[in-house]
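A.B. asks: Got a predicted model here, sequence first, then my questions.
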Amino acid sequence: MECVLEDVPRDPFAEDPNDPASALGELDDCEPLTLAERDEALTDLADVEVFRSLLEPQGVLGLVLDCPECGEQHYFDWDLLRGNLRQMIDHGRPQVHEPAFEPDPADYVSWEYARGYVDGVIDTEESH
């Protein structure tokens, strides 16, 4: 089964016989998520939609996430983050993508910041 997602930009090397990723070999078949993993991904997707609705008008372009594999921070715009979560839910893993090119860290916030911002908005609305 080939994992393809329509929500993210097309692979610029798709169908290119000189694709540099071809040296990595074929991807294994996608394993479906467990029910718990799927529920967590659906919750994350819902959170991202709320984060975006409140933070994008404030000029936030997306989230910065710490990568447990390489130890570096990765910057995801809203569409790419949403697309990765959709891919996880539908196919068991995120689609390979290009990292953001020279992102300005000031344009991105952490998941924890976004969660705190949403909580603050909710608290403010409940107190009025």
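C.D. replies: Sure thing, it's come through.
A.B. asks: OK, contacts around the residue nearest the centre of the chain?
C.D. replies: Compute the mean C-alpha point of the chain, and by CA atoms, centre = their mean the closest residue is Leu81, 2.1 Å away. Residues in contact with Leu81 (CB atoms under 8 Å, 6 or more residues apart in numbering) are Val48, Gly62, Leu63. Yep, even glycine has a C-beta here, placed from its N, CA and C like the rest.
A.B. asks: burial of the second one, as a residue count?
C.D. replies: Using other CB atoms under 10 Å as the criterion, Gly62 is surrounded by 24 other residues.
A.B. asks: How about the last one?
C.D. replies: The burial count assigned to Leu63 is 24, neighbours taken as other CB under 10 Å.
A.B. asks: My guess is it contacts Val109. True?
C.D. replies: Yes: using CB atoms under 8 Å, Leu63 makes contact with Val109 at a distance of 6.3 Å.
A.B. asks: Look up phi and psi at Gln73.
C.D. replies: The phi/psi pair for Gln73 (degrees, to the nearest 10) reads phi -90, psi 140.
A.B. asks: Could I get the full set of helices for this protein?
C.D. replies: 35-55, 78-91, 111-127 (DSSP state H).
A.B. asks: any idea which of those is most buried?
C.D. replies: helix 78-91 (a mean of 20; mean count of other CB atoms under 10 Å).
A.B. asks: what angle sits between it and helix 35-55?
C.D. replies: Interaxial angle, helix 78-91 versus helix 35-55 (axes from the mean of the first three to the mean of the last three CA atoms, to 10 degrees): 160 degrees.
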